[in-house]
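# heads up, no residue letters with this:
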């Protein structure tokens, strides 16, 4: 076998006395897709930052032969007010005549060529802020090609994409492999890993557990290696016995995002809202919770019409929500677990203009115990928690107000398989306790496993209702695909 393109030898790293990596070893060869898997907090992102030069190891060695490493993060960092071409060549613009004099025509031509190499028809003069998330991901790949990267690091590149968009991106990744580019690929989506990976490295607690050819692995073997225990990803939800109608939506719309949406939601029921990205699912959720109120139709809670013009009025009517983007809307990263959990319910702990600290602390401790939030303590900043625990903080905050209706928008996006199983069990338990749950998910298996009914949306409209036991991912996708 030829020498590796990248070799990581016994790399260790600690932050504030806590060991993030302990003697990690890794080898990546030219034209190889090397998947790195493990739970949140296993050390994957720290390792990638060290490889990309964003962090320095405390000990160990990173050897790389070649020109450049390009890292594509889970949270994209584009310049939305600049064009696609300007984003691709930011900091490496072609010049003419005098140093610093940008050759715009050469830049735009080379950007168009890089996009064309990937079969993309994106206009290099378009503003990045006008692109979809999938298109922005594709531009990041074109940027790596334009800079002649030998190795690309992709950290959850499909986490914000629909299944259709993910398929297109995976095709681009396989094309990069054919061009001889090595890929370090981090994903919690097992199907993706087994589809494209040549080699899989499993990390747990900051160490490499095993490196194996992907052909010698399967999900039953991989998951216990990742989490150190057996995990059941089958449905944690028992068949429900729905009670009375809690929430009713009649002809609700907010053009151009969605229009004429109607459904009912009963006590103890999970209604799955399926569809492709851009179908309007998150906009419907935002209207129900008052983030972006509907401009048409009516919402009823227990048969009474309600006006939901803001999250505060939604809470007042017994509606809570966990948003799609937890880092943007789900919590305040620099605030403590306690402060995040109680943030939406501070009136409960007030005494005039003052907060009763003991009552607030007790409520936070109870929620942390109830939802198994694993942290150093209630005063630890949420930004230092794993993705799964951050999600549980967001859910704990939403439920502290004891809502009757819970809207969950992509509740397991970007969290590992172990945390996903815990969130699935939590949703099932909430339904058993009588909560009425609206579940939005781009993962077909999740929708099928947890829902009592599935409402499929396409291009801003509700097109059909399906029974999970009598349908399939293929049928859901057929209804969801644009006509």
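That came through fine. This structure is a prediction, so every number in the text was calculated from the model and none was measured. Residues are numbered from 1 along each chain as shown.
# Could you report the neighbour count for residue 243?
When neighbours are defined as other C-beta atoms under 10 Å, residue 243 has 12 of them. The way it works is simple: take the backbone N, C-alpha and C, and place the C-beta from them, glycine included.
# Apart from its neighbours in sequence, what residue is nearest it?
Among residues not flanking residue 243 along the chain, residue 267 sits closest, at 3.5 Å (C-beta to C-beta, 6 or more residues apart in numbering).
# residues in contact with the one you found?
Applying C-beta atoms under 8 Å, 6 or more residues apart in numbering to residue 267 gives the contacts 242-246, 404, 434-436.
# filter those residues to the buried ones?
Among the contacts of residue 267, those classed as buried by 16 or more other C-beta atoms under 10 Å are 242, 245-246, 404, 435-436.
# if we can go back for a sec, mind checking pLDDT for the residue nearest to residue 243?
pLDDT, residue 267: 96.
# any idea how far residue 315 is from it?
18 Å (C-beta to C-beta, to the nearest Å).
# same check, this time on residue 402
Applying C-beta to C-beta to residue 402 and residue 315 gives a distance of 10 Å.
# So the two - more neighbours on which side?
Between residue 402 and residue 315, residue 315 has the larger neighbour count (other C-beta under 10 Å), namely 20 against 9.
# Identify the residue spatially nearest to that one, adjacent ones excluded.
Residue 315 sits nearest to residue 401 (C-beta to C-beta, 6+ apart), 5.5 Å away.
# and that neighbour, what does it touch?
Residue 401 makes contact with 315, 320, 344-345, according to C-beta under 8 Å, 6+ apart.
# What segments of the stretch 201-350 of the chain are strands?
207-213, 245-254, 258-266, 270-274, 296-301, 304-306, 319-322, 350-351 (DSSP state E, counting those that start in this stretch).
# so which of these gets nearest residue 168?
strand 270-274 (19.3 Å; C-beta to C-beta).
# now the angle from the closest one to strand 258-266?
Interaxial angle, strand 270-274 versus strand 258-266 (axes from the mean of the first three to the mean of the last three C-alpha atoms, to 10 degrees): 160 degrees.
# Could you list the residues in contact with strand 270-274?
Contacts for strand 270-274 (C-beta under 8 Å, 6+ apart): 237, 240, 263, 265, 281, 284-285, 427, 431, 437-441, 444, 447-448, 450-457, 468, 476, 480.
# For residue 187, grab phi and psi.
phi -160, psi 150 (degrees, to the nearest 10).
# these two touch, right, it and residue 156?
Yes. The pair residue 187 and residue 156 passes the contact test of C-beta atoms under 8 Å, sitting 6.0 Å apart.
# what does the domain assignment say about this protein?
6-227, 245-480 (automatic domain parsing).
# chain center to the last one, what's the gap?
Centroid separation for domain 245-480 versus its chain: 15 Å, with C-alpha atoms, centre = their mean, to the nearest Å.
# Kindly check the end-to-end length of it for me.
Separation of the first and last residues of domain 245-480 by C-alpha to C-alpha, to the nearest Å is 26 Å.
# ok, now stretch 59-79?
Rule used - C-alpha to C-alpha; the end-to-end distance of stretch 59-79 is 35 Å.
# Repeat that for stretch 249-258.
Using C-alpha to C-alpha, one end of stretch 249-258 lies 13 Å from the other.
# and if you look at stretch 319-332?
First residue to last in stretch 319-332 (C-alpha to C-alpha) measures 21 Å.
# for stretch 458-470, same thing?
For stretch 458-470, the end-to-end distance is 20 Å (C-alpha to C-alpha).
# Name the SS class of the most far-flung residue of the chain relative to its centre, please.
Distance from the C-alpha centroid of the chain peaks at residue 97, with 45.4 Å (C-alpha atoms, centre = their mean). With DSSP: H, G, I helix; E, B strand; the rest coil as the basis, residue 97 sits in coil.
# just residue 434 next, same as before
Going by three-state DSSP: residue 434 is coil.
# dump the residue contacts of it.
Listed by C-beta under 8 Å, 6+ apart, the contact partners of residue 434 are 243, 267-268.
# Now distance to residue 216 too, for those, in TSV please.
Output for the contacts of residue 434, formatted as TSV (distance: C-beta to C-beta, whole Å):
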residue	distance to residue 216
243	49
267	48
268	44
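# hmm, back to that, ok, the residue nearest to residue 315 to residue 316 distance?
9 Å.
# just to revisit the earlier point, of the contacts of residue 267, just say which sits nearest to residue 211.
Closest to residue 211 out of these is residue 435 (42.8 Å), distances taken as C-beta to C-beta.
# from memory the closest one sits against residue 406, does it?
Yes. Counting by C-beta under 8 Å, residue 406 is a contact partner of residue 435 at 5.2 Å.
# Hmm, residue 38 is touching residue 204, no?
Yes. When contacts are counted by C-beta under 8 Å, residue 38 is listed as touching residue 204 (5.6 Å).
# Neighbour count: these two, which is higher?
residue 38 (26 against 18).
# on that earlier part again, save the buried ones among the contacts of residue 267 as JSON lines, and put in distance to residue 200 and pLDDT too.
Shown next, in JSON lines, are the buried ones among the contacts of residue 267 (distance: C-beta to C-beta, whole Å; pLDDT from 0 to 100):
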{"residue": "242", "distance to residue 200": "42", "pLDDT": "87"}
{"residue": "245", "distance to residue 200": "47", "pLDDT": "96"}
{"residue": "246", "distance to residue 200": "44", "pLDDT": "96"}
{"residue": "404", "distance to residue 200": "44", "pLDDT": "94"}
{"residue": "435", "distance to residue 200": "38", "pLDDT": "94"}
{"residue": "436", "distance to residue 200": "40", "pLDDT": "96"}
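# Go through the contacts of residue 267 and name the one nearest residue 8.
Using C-beta to C-beta, residue 435 is the member of those that lies nearest residue 8, at 45.5 Å.
# after the host helix or strand of residue 395 comes which helix or strand?
Residue 395 is part of helix 387-400, with elements assigned from DSSP states H and E. From helix 387-400 onward toward the C-terminus, using DSSP H and E, the following helix or strand is strand 405-409.
# any idea of the angle that next one forms with strand 270-274?
On the basis of the same axes, to 10 degrees, strand 405-409 is oriented at 30 degrees to strand 270-274.
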